[in-house]
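Chemist: Using only what follows, build the 3D model:
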Amino acid sequence: MSRAAVRADHSWGRLVLPALLVAIVGGAYWLKVRPAVSLPWAGALRSTDALLARGASLHNADQHDAALAIYRKILEREPVHARAHYNIGQIYNSQGRYADAQREYQAALSGDPGFLDARLNLGVVLYRQRLFGEAEQAFREVLRTSPAHPLALFNLGITLIELQRLDEAIRWLRAAVREAPARADTHFYLGRALGRQRRLPEARESLGRALQLDPRHAAAYRELALVYLAQGERRLALESLVKASEVARPATSERPGQRSSAP
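Modeler: Sure, this is the predicted structure:
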């Protein structure tokens, strides 16, 4: 998944989600982007399962209009078909139509209340609309079913940062680190939350770990510069800002891209 997911534009006051949570979130905030398919190619094309598989194939090829036409055809037959609603939500989410995606994820959950990815991504689009209280509840619902879910732990943590509940955010982000220790963004947001609490040595350690995992994490360099300044280390702060500027420039021959569905 690309760096989008509930992913990171990074300063003390703003979060971007890697087109992870979705991206980015890949990215930060991490977003589950694969279209749901109930069965592989099976039966005649006119069957619902085969239509869903065909729609998912088009979806993954970024042929979104054709995929939407197939998903809507499924909904003409089965108006509460959870996976068709979910996949439409995925397309809307990738297009930045977050309110429309929210409606589709909610429809998917009406058809299948246990659809964990739909609930996770509902939280993501609520976050992206800055509906942080509602996003928190969605992520907590995921964790009630799957207490060690790394994406839900991460997304809940960064949502609590937005709600200025830093003690709670740190606790959930530490849990996310335990479940997925190789995720640079988790260490980054943990460092951000610790920095806001003026727990500077801990913040420095977390941000340093983020940079070990992702040496091109520009936001981590910027956050680290703030920590250095707070500790009176101006030379290190300046070096960190210079490094952030260097890694933030995409190479002319390889600009980063973003996919709206899984390969």
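Chemist: ok but residue 236 is inside a strand, no?
Modeler: No - secondary structure assignment (DSSP: H, G, I helix; E, B strand; the rest coil) places residue 236 in helix, not in a strand.
Chemist: Can we start the residue count at 32 from this point?
Modeler: That works, and once the first residue is 32, the last one we named lands at residue 267.
Chemist: ok, now how distant is the residue lying closest to it once chain neighbours are set aside from residue 265?
Modeler: In this structure, residue 267 finds its nearest non-sequential neighbour in residue 259, 4.3 Å apart by C-beta to C-beta, 6 or more residues apart in numbering. C-beta: built from backbone N, CA, C; applies to glycine. Separation of residue 259 from residue 265 (C-beta to C-beta, to the nearest Å): 7 Å.
Chemist: ok, these two, which is more surrounded?
Modeler: residue 259 (21 against 11; other C-beta atoms under 10 Å).
Chemist: so for whichever helix or strand the more buried one is part of, what's the average pLDDT?
Modeler: Following DSSP states H and E, the helix or strand that holds residue 259 is helix 249-261. For helix 249-261, mean pLDDT is 97.
Chemist: how far is it from where the chain is centred?
Modeler: 23 Å (C-alpha atoms, centre = their mean, to the nearest Å).
Chemist: do the same with stretch 149-163
Modeler: From the chain centre to the centre of stretch 149-163 is a distance of 9 Å (C-alpha atoms, centre = their mean).
Chemist: what comes up buried for that stretch?
Modeler: By neighbour count on 16 or more other C-beta atoms under 10 Å, the buried set for stretch 149-163 is 149-159, 162-163.
Chemist: Check stretch 127-138 too.
Modeler: 129, 131-136, 138.
Chemist: if we take the residues you listed, which one ends up nearest to residue 170?
Modeler: Closest approach to residue 170 among the buried residues of stretch 127-138 (C-beta to C-beta): residue 136, at 13.2 Å.
Chemist: Please tell me how far the residue nearest to that closest one when sequence neighbours are not counted sits from residue 134.
Modeler: The shortest distance from residue 136 to any non-neighbouring residue, by C-beta to C-beta, 6+ apart, is to residue 153 (4.0 Å). Plainly put, residue 153 is 10 Å away from residue 134 if you go by C-beta to C-beta.
Chemist: repeat for residue 92
Modeler: Taking C-beta to C-beta, one finds residue 92 at 25 Å from residue 134.
Chemist: Contact partners for residue 181?
Modeler: 61, 207, 210-211, 214 (C-beta atoms under 8 Å, 6 or more residues apart in numbering).
Chemist: sec struct for residue 161, please.
Modeler: For residue 161, the secondary structure call by three-state DSSP comes out as coil.
Chemist: ranges for the strands of the stretch 32-181 of the chain?
Modeler: Remark: strands assigned in the stretch 32-181 of the chain by DSSP state E, counting those that start in this stretch are 41-42, 45-46.
Chemist: For the buried residues of stretch 127-138, give me JSON lines that also has pLDDT and distance to residue 278.
Modeler: Shown next, in JSON lines, are these (pLDDT from 0 to 100; distance: C-beta to C-beta, whole Å):
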{"residue": "129", "pLDDT": "97", "distance to residue 278": "29"}
{"residue": "131", "pLDDT": "97", "distance to residue 278": "35"}
{"residue": "132", "pLDDT": "97", "distance to residue 278": "31"}
{"residue": "133", "pLDDT": "98", "distance to residue 278": "34"}
{"residue": "134", "pLDDT": "98", "distance to residue 278": "38"}
{"residue": "135", "pLDDT": "97", "distance to residue 278": "36"}
{"residue": "136", "pLDDT": "97", "distance to residue 278": "34"}
{"residue": "138", "pLDDT": "97", "distance to residue 278": "41"}
